[in-house]
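J.: model this:
(one chain, ligands or ions: 1)
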Amino acid sequence: MVIKEHLTLAETAELLGKNKETLRRWDREGKLSAVREPISNYRVYRKSDVLELFADFELNINDIESNFVAPENEYKVLELFAGAGGLAIGMEQAGIKCAALNEIDKFACATLRKNRPHWNVLEGDIKNFNFSGYNDIDIVTGGFPCQAFSYAGKKLGLADARGTLFYEFARVVKEVNPPICIGENVRGLLSHDNGKTLQGMISILNEIGYDVVPVEVLKAINFKVPQKRERLILVGIRKDIDIKYYYPKPFKKVYHLKDALKKGELFDCDVPKSNGAKYPSSKKAVLDLVPQKGYWRDLPLDIQKEFMGGSFYLGGGKTGIARRIGWDEPCLTLTCSPAQKQTERCHPDETRPFTVREYARIQTFPDDWEFAGSLAQQYKQIGNAVPVNLGREIGYSIVKFLNQYYSLLKSNN
Ligand SMILES: C[S@@+](CC[C@H](N)C(=O)[O-])C[C@H]1O[C@@H](n2cnc3c(N)ncnc32)[C@H](O)[C@@H]1O
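T.: The predicted structure is shown next:
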């Protein structure tokens, strides 16, 4: 019997309009990984994986070569909520200069300073900084933490959002008044407070003089990142500018865990050795029983029940629990703490979480980017980041937009 949250090979083939042989090939290539139904050993597919791929078809992904565009001028970014610099390095790799970065966390600031002593790192609560003097900035970026607004009237205005970090983001955009601003967030913002939070943000950006491009959720796996992370991107274009912004085009090629940890197209050597967290012995004993690409469903029934506790009876796939990642699939989204309950992403061959440098590789940080603070602080900074390669592709899309903007400005003068 096939368990409810799984689809058979035939059902998946029909849903995706592909034949069974293509699906078997996709399984070998890691594009759509099947799992084995425990009793019959037939190939079955997690419904969530199939639906995710189905959404990709609608994106109409082409096999593009590159999104690279060389900057025709020196462009400057002000990066808010900068963390350990994932997005900032991506911008730098796209040829954009980091004019200043704001971050409240002292360890993340130490990371930024350690790696880029010349960057202007403004440490402290964003509320305490005024950016009115920064009037040569082309881009304001920021991954503001998501918080609910309280609605006084029908349409949310900037003043109503006071006290939230989005308010601070919008306030800085208003002070700096750049041609383009980019907010990044988790996919959950789409449905936060039934979509009202996002609508509120769009109406506030409108009020301060920015048209918001239709919001998209970019999948890191489509941008040379061997990880299934997603980022919601909120692009605001100053209202006096009549130039269309285009999101970076997704790549067809999907990279896998082996591309992150071993020498290959993404990195020119195997991952360097480094410190890493360990699982408590009871968790290790359970994860020892999970095969590559497997998860809690692959455990003997009595251990499933003990490991899952009450959630065993709650239904739903929960395919991220007690998961051992396979070499030939992208990693699941990394969290801020690698040994935390219910989000285990175990190394394929050894029963342990990924080390710090492995974590950094999966987020496509360069090997020479060092992280400051305790082991836990380092994992947190990496887990919080925008993957560098995704940041770089977003950077190219901004460069393309700004090249057009400044060339139009020049031809009008
Ligand atoms: C999602 S992380 C940003 C990650 C970053 N964009 C990157 O790519 O590495 C959000 C950051 O906002 C910072 N933050 C939270 N509250 C803040 C505040 N009041 N002022 C400044 N930074 C703040 C957090 O410390 C955290 O590093």
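
J.: quick one: contacts for Y245?
T.: Shown in contact with Y245 (Cβ atoms under 8 Å, 6 or more residues apart in numbering): 180, 213, 235, 237, 397, 401. In this view, the C-beta of every residue, glycine as well, is placed from N, C-alpha and C.

J.: what does the stretch 201-350 of the chain put close to the ligand?
T.: By Cβ under 6 Å from any ligand atom, no part of the stretch 201-350 of the chain sits against the ligand.

J.: All the helices of the stretch 201-350 of the chain, residue numbers only.
T.: Taking DSSP state H, counting those that start in this stretch as the test, the helices found in the stretch 201-350 of the chain are 257-261, 281-287, 301-308.

J.: lowest-confidence stretch among the ones you listed?
T.: Per-stretch mean pLDDT for those is lowest at helix 301-308 (a mean of 91).

J.: neighbouring contacts of it?
T.: Contacts to helix 301-308, defined as Cβ under 8 Å, 6+ apart, come from residues 286, 289, 296-297, 299, 312, 318, 321-322.

J.: who's in contact with the lengthiest strand in the chain?
T.: In the chain, ranked by residue count with DSSP state E as the criterion, the top strand is strand 230-238. Here strand 230-238 makes contact (Cβ under 8 Å, 6+ apart) with 173, 177-187, 189-190, 198, 201-202, 205, 209-213, 215-220, 243, 245, 247, 333, 386, 390, 394, 401.

J.: residues of that strand that come out buried?
T.: Of the residues in strand 230-238, 230-238 count as buried by neighbour count, 16 or more other Cβ atoms under 10 Å.

J.: Could you list the domains of this protein?
T.: Per the record, the chain has its domains at 1-60, 76-254+389-412, 255-384, by automatic domain parsing.

J.: Tabulate the contacts of Y245 in a markdown table, adding columns for pLDDT and distance to T355.
T.: Converted to a markdown table, the contacts of Y245 look like this (pLDDT from 0 to 100; distance: Cβ to Cβ, whole Å):
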| residue | pLDDT | distance to T355 |
| --- | --- | --- |
| I180 | 98 | 37 |
| V213 | 97 | 38 |
| V235 | 98 | 35 |
| I237 | 98 | 41 |
| S397 | 98 | 32 |
| F401 | 98 | 38 |
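
J.: Looking at those residues, spot the one nearest the ligand.
T.: Minimum distance to the ligand across these is 15.4 Å, recorded for V235 (Cβ to the nearest ligand atom).

J.: Who is that closest one paired with across the strands?
T.: Beta-bridge partners for V235, by DSSP bridges, are I182.

J.: re the thing from before, of the helices of the stretch 201-350 of the chain, flag the one that's most buried.
T.: Greatest average neighbour count among the helices of the stretch 201-350 of the chain goes to helix 257-261 (a mean of 23), per mean count of other Cβ atoms under 10 Å.

J.: if we can go back for a sec, quick one, which of the contacts of helix 301-308 are buried?
T.: Buried members of those, counted by 16+ other Cβ under 10 Å: 286, 289, 296-297, 299, 318, 321-322.

J.: Tell me which two of those residues sit farthest apart.
T.: Using Cβ to Cβ, those reach their maximum pairwise distance at L289 and K318, which is 16.9 Å.

J.: Of the buried ones among the contacts of helix 301-308, which is the nearest to the ligand?
T.: I321 (23.4 Å).

J.: what are the phi and psi angles of that closest one?
T.: Main-chain torsions, I321, degrees, to the nearest 10: phi -90, psi 130.

J.: helices and strands around the biggest helix by length in the chain, which ones?
T.: In the chain, assigned by DSSP state H, the helix with the most residues is helix 388-412. Applying 3 or more Cβ pairs under 8 Å, 6 or more residues apart in numbering; DSSP states H and E, one finds that helix 388-412 makes contact with helix 86-93, strand 180-185, strand 230-238.

J.: Minimum distance to F68: which of the domains of the chain has it?
T.: Of all the domains of the chain, the one in closest proximity to F68, counting by Cβ to Cβ, is domain 76-254+389-412 (5.8 Å).

J.: Quick one: end-to-end distance for that closest one.
T.: Separation of the first and last residues of domain 76-254+389-412 by Cα to Cα, to the nearest Å is 22 Å.

J.: can you give me the offset of it from its chain's centre?
T.: 14 Å (Cα atoms, centre = their mean, to the nearest Å).
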